[in-house]
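**Student:** Give me coordinates for this.
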Amino acid sequence: MRWVYGPALGVLYAWLRPSLLYPARLHGLTLGAGIWLFERLVFPRLRVTPPPRDWSSAERRLLALQTSVFGLVTEAVLSR
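**Tutor:** As a prediction, the model looks like this:
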């Protein structure tokens, strides 16, 4: 599933990025938060992951860390 939605979100983000009206240093965190929200809402409904109530606190923290790092690295690459 990530092979499909990851590139799609990247293309959407690159398209929307020039129209973002807040400081550029926050763009990566916004992308990470968007991916986090998507994964938290969509994956359990598609049964890709168990329901969030069954996740351990470590799994919740790691998802937040993973999506934040992904957003920051993606923004750093796009800004070069």
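**Student:** any idea how far residue 59 is from the residue nearest to residue 44 when sequence neighbours are not counted?
**Tutor:** Distances taken as CB to CB, 6 or more residues apart in numbering place residue 51 nearest to residue 44, at 5.0 Å, with adjacent residues excluded. Every C-beta, even on glycine, is put in place using the N, C-alpha and C of the backbone. Using CB to CB, to the nearest Å, we find residue 51 at a distance of 12 Å from residue 59.
**Student:** higher neighbour count, these two?
**Tutor:** The neighbour comparison of residue 51 against residue 59 (other CB atoms under 10 Å) goes to residue 59, with 13 against 10.
**Student:** in which helix or strand would I find the more buried one?
**Tutor:** Applying DSSP states H and E as the criterion places residue 59 in helix 57-78.
**Student:** helices or strands next to that helix in the packing?
**Tutor:** helix 2-16, helix 27-45 (3 or more CB pairs under 8 Å, 6 or more residues apart in numbering; DSSP states H and E).
**Student:** Make a markdown table out of those and add distance to residue 63 and mean neighbour count.
**Tutor:** Shown next, in a markdown table, are these (distance: least, CB to CB, whole Å; neighbours: other CB atoms under 10 Å):
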| stretch | distance to residue 63 | mean neighbour count |
| --- | --- | --- |
| helix 2-16 | 13 | 12 |
| helix 27-45 | 6 | 17 |
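**Student:** Out of the ones you listed, flag the one nearest residue 73.
**Tutor:** helix 27-45 (7.5 Å; CB to CB).
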